[in-house]
Structure formats: C-alpha cells, structure tokens
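Mind looking at a prediction? Sequence and model below.
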Amino acid sequence: MSNGGLDLQRLVLRADAVIGRRLETALGTRSATDLLLRGFRLQGSAQRLVERPARAVLHALNMPTRGDVAQLRRQLASTHEELRELSRKLDETPPTTHER
Amino acid sequence: MSGRTGPLPQVARELGRTAARVRNGVRYAAGTQFAPIGPTPSRVIWSEGKAELRHYSGHGVGPEPRLAPPVIVLGGLVGRSYIFDLHEGNSFVARTLGAGFDTFVLDWGIPDADDSANTLETYLARYFPRALQAACQETGADEVSIIGYCMGGTMSLQALAGNPSLPVRNLVLIATPVDFGHLGSMVDAVCEGRLDPATVLDQEGNVPASLIAAFFSVMKPTAPVVKYANLLQNLWDEDYLRGYQALNRCFEQHAPLPGAAFVQIAQQWMRDNAFVTGSLRLGGRAVHLADLKMPVLIVTGDRDELVPEGATAPTAGLLTGTKPEVLALPAGHASLTTGRTAAKHTVPRILGWLADQSVAL
C-alpha cells in the first residue's frame, strides 16, 4: 500500500517535472494572462447578474443590499482619508500673521 | 533484528499507516485543527484600523529578552502574519525569541470596505511609524531592528526612506522585490496597461483575495497536485499534517488588498518601477533609497519561485547610503523563514547577523 502511495507520488512528481514547466510557460504568456483576467471579470459580471433580482426586491422594499452597504462604507472610508489628508496639510502649513 | 526483515512487519506497519491515513483524512476533512493559529503567546500593545502590533517577550507572556534593540517582524499587505508563527517547532517568532531578541510582529490585518481608501501613506507614513513608536515605548528602547519579509521588506524600504529619521538601527530584507519587471505575467499585465487596477476591485473596493490567489497559482500551476500527492503519502503522520495545515493556511488564505493602495502600487511600484528608476514618492514627496544609512542585510533564496533573483538583485546597488550585506541562501520563498531548511540554515544566519549588530542587555 505504501508502494502504491509512493508510486503515485513518484508519478505525480515525474509528471510535474515533464509538464509543470511547460504549463508555467504557457500560463505565463500574454494571451493566457489576458484570458485569465477576462475570466475573472466575467465572474464578477455573472455575480452581479445573479444578484440583480435580489437587489430589485430589496430596493422595492426600501431595504439596502450588501453592495449598497459596502458602497456606503467605501464612501465613508474615502471621506475619512480625505479629511485626514486635509488635516495633515493644515498641520504642515505655517501659521500666517495678518498685518493691518 | 535480522529475523524481522520479512514481509510481515512491513505489512503490519503499512496496515497501521493506512488506518491512520483514513482516520486523519476524515479528521482533516471534518476541519480538525491540527495546528492552532499563532501558538506562541503574545499580547497586542498597539492597534489602529485593522493593524496591530503583537509583543511576544516578557511580561509573563514570553521569555525575557537578552539582546537590544527589539525586533519588529512584518510581512506584506496580502499575506497573513501567522506565517511568522506557523506551529510549535516551526515558528520564526519562537526562533527570534530563542535567540534572545525582544520580538514584535506587525500585522496589517484583513481589510474590508472600511479600509478600501487606505493608501500607502496610511500604512507607511501613519501605521508604520506609530507601531515603531509603540514598540519603543513598550520596551524603553530608543531604536528597533526591522525584519521585512517579501512585500513587507518593500514596504519597509519605502517607509524608512520616506522618513529617514525613524528610529531603526538595523534592517533585514528577506525575499524583497524592488524590480517589478521580473514578477511574472500578472504584474507584466499591469505594467503594460492591459490590467486596469480599477477593474479588478470588488464590491468592497479591494482587490479580492481570490485574484491574489490566482496571481500566485499562475506562477506554479501544478503545485496543488504535487501538494495533494505528498499529503496523501504522509497523511498517516500527524507531525507532517500539522506542518501541512499551517503552511497551507498561510499560502491559501490571502488578505484582500485595499483598492487605493493597489492603485498606487500598480502605478508606482509596477508601471513606473519606481524603486529602480528612482521615482518613488510617499505623501507627495520624493523618496530616495540612498537616504537609508543603517546596516542592511539582503537575504535571497536561489530557488525562490515567487520573487526571483532579478527582482531582488538591484537592491544592494540602490542602497548607496550604506554598505548592505547580501546573503544568498539555497532556499525557496517559504523556506527562507519556515521549515527544516529555515531552522537549520537560513534563520540562524539571519539572526546571527542581527545578533552581531545588537548589544547584550
């Protein structure tokens, strides 16, 4: 049984040595990367499509979706960051004296 | 003993192993924790946003330190910090403690929608200096040593060059990329403008962990098959299973990358290759690596499949304000900090260098 396990392990390692590098090279090409990225974007679109009916129902009931809450949190985070940046710039600005 | 070389003991052993394989396989599939997360005791001494600084020494939590200055270990934004404390017997933190260092780990945390607007400035100009200050306050030290692993090293370089007055006596960069022209096809896609950073952000405004996992998978596509074949072979051995589960957890569970930080990383680090071209900026100001004056150790692995030699090679030449030492080790990306190779060769040499730059308490 151990031999069976070892055989499988050896087989996998041998197969990896033969095809692993080639697969890495193939997946490392420009077209494979673009295909992968397209697939990833497609996955996002599909997810949004699936969520659309649930969103319509929740909006009809005047209720927010997970996406709405996430968007609100993102906007809040962005506002916080802008405020922080403004505050930093204010701290760096030397105080001005108004002469009459 | 020579009379026991027949097939019976071997058959008995294999039957025992098969039974153990089935038992462990069921337990593993049922979600049994063979290796608890972060087994070395620690306490959080500072936190802000999702970031926190954990202290492992003294206060009845860990051993009393024998060397100064204290050491802060940090990784990148997409990795999990428990890579530094995998499991009992395989913990970078435990080895640092064992060598006598007052040890901290800076964990950036797992970002969500609240952190999507976090920029590099948030992490490098705000969290990083405050974590250093907290470590100094906690220990009464004037300075600390930094060990940055992978993207954690890149972040340390930018943070320290952006504010050279930060109290850092020594800097260790492990598997730290600076030339982003050598990091594979996904990074190339960003550099060449084929991947617009804004198009990969999820609902929460971050780069999802699944895309980061895909980035690593493309680099070594057959790794899961080899990994499962090895697991099946060693499933009877609980020690192996412990190490497998801990390491697997680290390399499969990535953290999302805050969207705003990613947009900056894509532009500065990747498209502009700013570390190499000298166009690095932080907080609206130019950042020069030549401003770093502290002793620096650059550690690379000759079998590092994630951060190849080309990505680390320019570092020494860029740090013109100091005389960095380069330690090229026969190791892969993970085995620079974890596993048997790390325990025997890499970590002792890294900590040995750091001990030479430190003083006894």
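Cool, the structure landed. Residues are numbered from 1 along each chain as shown, chains lettered A, B, ... in the order given.

Going by C-alpha atoms from here, please, whenever you check contacts or count neighbours.
Fine.

Find the residue closest to residue B:276 in space, skipping its chain neighbours.
Closest residue in space to residue B:276, ignoring its immediate chain neighbours: residue B:179 at 6.1 Å, by CA to CA, 6 or more residues apart in numbering or on different chains.

Packing partners of the lengthiest helix in chain A?
For chain A, the longest helix by residue count, based on DSSP state H, is helix A:30-60. If you count contacts as 3 or more CA pairs under 8 Å, 6 or more residues apart in numbering or on different chains; DSSP states H and E, helix A:30-60 packs onto helix B:185-191.

Packing partners of the helix it packs on?
Packing partners of helix B:185-191 (3+ CA pairs under 8 Å, 6+ apart): helix A:30-60.

Which positions within the helix it packs on qualify as buried?
Across helix A:30-60, burial judged by 16 or more other CA atoms under 10 Å in any protein chain shown covers A:32, A:33, A:34, A:36, A:37, A:40, A:44, A:55.

C-terminal to that helix, what's the next element?
Reading on from helix A:30-60 to the C-terminus, the next helix or strand found by DSSP states H and E is helix A:66-92.

So is that next one next to chain B?
Yes - using CA under 8 Å from any CA of the partner chain, helix A:66-92 reaches chain B at A:67, A:70, A:71, A:73, A:74, A:76, A:77, A:78, A:81.

where are the low-confidence patches of the chain?
I'll assume chain A. Applying pLDDT under 70 to chain A picks out residues A:1-6, A:97-100.

That was the other one, I meant chain B.
Residues of chain B that meet the criterion pLDDT under 70 lie in B:1-5.

Can I get the longest helix seen in it as CSV, trimmed to CA atoms?
Ranked by residue count and defined by DSSP H, the top helix of chain B is helix B:7-29. C-alpha atoms of helix B:7-29 as CSV (Å, rounded to 0.1, in the frame of the first residue of the first chain):
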residue,chain,number,x,y,z
PRO,B,7,7.2,-9.1,4.8
LEU,B,8,5.0,-9.4,7.9
PRO,B,9,6.3,-6.4,10.0
GLN,B,10,6.2,-4.3,6.8
VAL,B,11,2.6,-5.3,6.1
ALA,B,12,1.6,-4.6,9.7
ARG,B,13,3.3,-1.2,9.5
GLU,B,14,1.5,-0.4,6.3
LEU,B,15,-1.8,-1.5,7.6
GLY,B,16,-1.3,0.7,10.6
ARG,B,17,-0.4,3.6,8.4
THR,B,18,-3.4,3.0,6.1
ALA,B,19,-5.7,3.1,9.2
ALA,B,20,-4.0,6.3,10.3
ARG,B,21,-4.4,7.8,6.8
VAL,B,22,-8.2,7.1,6.9
ARG,B,23,-8.5,8.4,10.4
ASN,B,24,-6.5,11.6,9.8
GLY,B,25,-8.1,12.1,6.4
VAL,B,26,-11.6,12.1,8.0
ARG,B,27,-10.4,14.4,10.8
TYR,B,28,-8.8,16.8,8.3
ALA,B,29,-11.9,16.8,6.0
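
is chain A contacted by it?
Yes - Helix B:7-29 is in contact with chain A by CA under 8 Å from any CA, via B:14, B:15, B:18.

of these, buried ones?
B:14, B:18.

any idea which of the residues of helix B:7-29 next to chain A is closest to residue B:161?
Using CA to CA, residue B:18 comes nearest to residue B:161 of the residues of helix B:7-29 next to chain A, at 55.7 Å.

Provide the count of other residues in contact range of the nearest residue to residue B:197 once chain neighbours are set aside.
Nearest residue to residue B:197 in three dimensions, chain neighbours excluded: residue B:263, at 5.8 Å (CA to CA, 6+ apart). Look at residue B:263: counted by other CA atoms under 10 Å in any protein chain shown, it has 20 neighbours.

Identify the residues contacting the helix or strand residue B:263 falls within?
Applying DSSP H and E as the criterion places residue B:263 in helix B:259-264. Residues outside helix B:259-264 that contact it (CA atoms under 8 Å, 6 or more residues apart in numbering or on different chains): B:116, B:117, B:118, B:119, B:120, B:197, B:198, B:201, B:205, B:206, B:207.

go on, stretch A:12-20?
Taking CA under 8 Å, 6+ apart as the rule, stretch A:12-20 contacts B:220, B:221, B:222, B:225, B:226, B:229.

List the buried residues in it.
Neighbour counts over stretch A:12-20 (16+ other CA under 10 Å) mark A:12, A:13, A:16, A:20 as buried.

between those residues, which is nearest residue B:31?
Checking the buried residues of stretch A:12-20 against residue B:31 by CA to CA gives residue A:12 as the nearest, at 25.8 Å.

Roughly how far does the closest residue to residue B:311 other than its chain neighbours sit from chain A?
Nearest in space to residue B:311, with sequence neighbours left out and distances taken as CA to CA, 6+ apart, is residue B:179 at 4.4 Å. For residue B:179, the distance to chain A (CA to the nearest CA, to the nearest Å) stands at 18 Å.

still on that earlier bit, next SSE downstream of the longest helix of chain B?
Next helix or strand after helix B:7-29 toward the C-terminus (DSSP H and E): strand B:43-48.

Quick one: end-to-end distance for stretch B:87-96.
The straight-line separation of the ends of stretch B:87-96 (CA to CA, to the nearest Å) is 14 Å.

what does it contact?
For stretch B:87-96, contacts defined as CA under 8 Å, 6+ apart pick out B:35-40, B:56, B:84-86, B:103, B:242-243, B:246, B:337-339, B:343, B:347, B:351.

re earlier: would you list the buried residues of helix A:30-60 in JSON lines and tack on distance to residue B:72?
Shown next, in JSON lines, are those (distance: CA to CA, whole Å):
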{"residue": "A:32", "distance to residue B:72": "40"}
{"residue": "A:33", "distance to residue B:72": "37"}
{"residue": "A:34", "distance to residue B:72": "39"}
{"residue": "A:36", "distance to residue B:72": "37"}
{"residue": "A:37", "distance to residue B:72": "36"}
{"residue": "A:40", "distance to residue B:72": "36"}
{"residue": "A:44", "distance to residue B:72": "38"}
{"residue": "A:55", "distance to residue B:72": "46"}
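
Closest to chain B out of these?
Chain B has its nearest neighbour among those in residue A:33, at 6.4 Å by CA to the nearest CA.

In contact with that closest one, which residues?
By CA under 8 Å, 6+ apart, the contact set of residue A:33 is A:27, B:185, B:186, B:189.

For those, pick the one with the most neighbours.
Neighbour counts for the contacts of residue A:33 (other CA under 10 Å) peak at residue B:186, which has 24 neighbours.

That one reaches residue B:215, doesn't it?
Yes - Residue B:186 is within contact range of residue B:215, at 6.4 Å (criterion: CA atoms under 8 Å).

Give me the phi and psi angles of residue B:146.
The phi and psi values for residue B:146, taken as degrees, to the nearest 10, are phi -120, psi 130.

ok, it - contacts?
Applying CA under 8 Å, 6+ apart to residue B:146 gives the contacts B:71, B:72, B:73, B:74, B:156, B:168, B:170, B:171, B:172.

The same query, at a cut-off of 10 Å, please.
Contact partners of residue B:146, counting by CA atoms under 10 Å, 6 or more residues apart in numbering or on different chains, are B:69-74, B:104-105, B:132, B:152-153, B:156, B:168-173, B:296, B:354.
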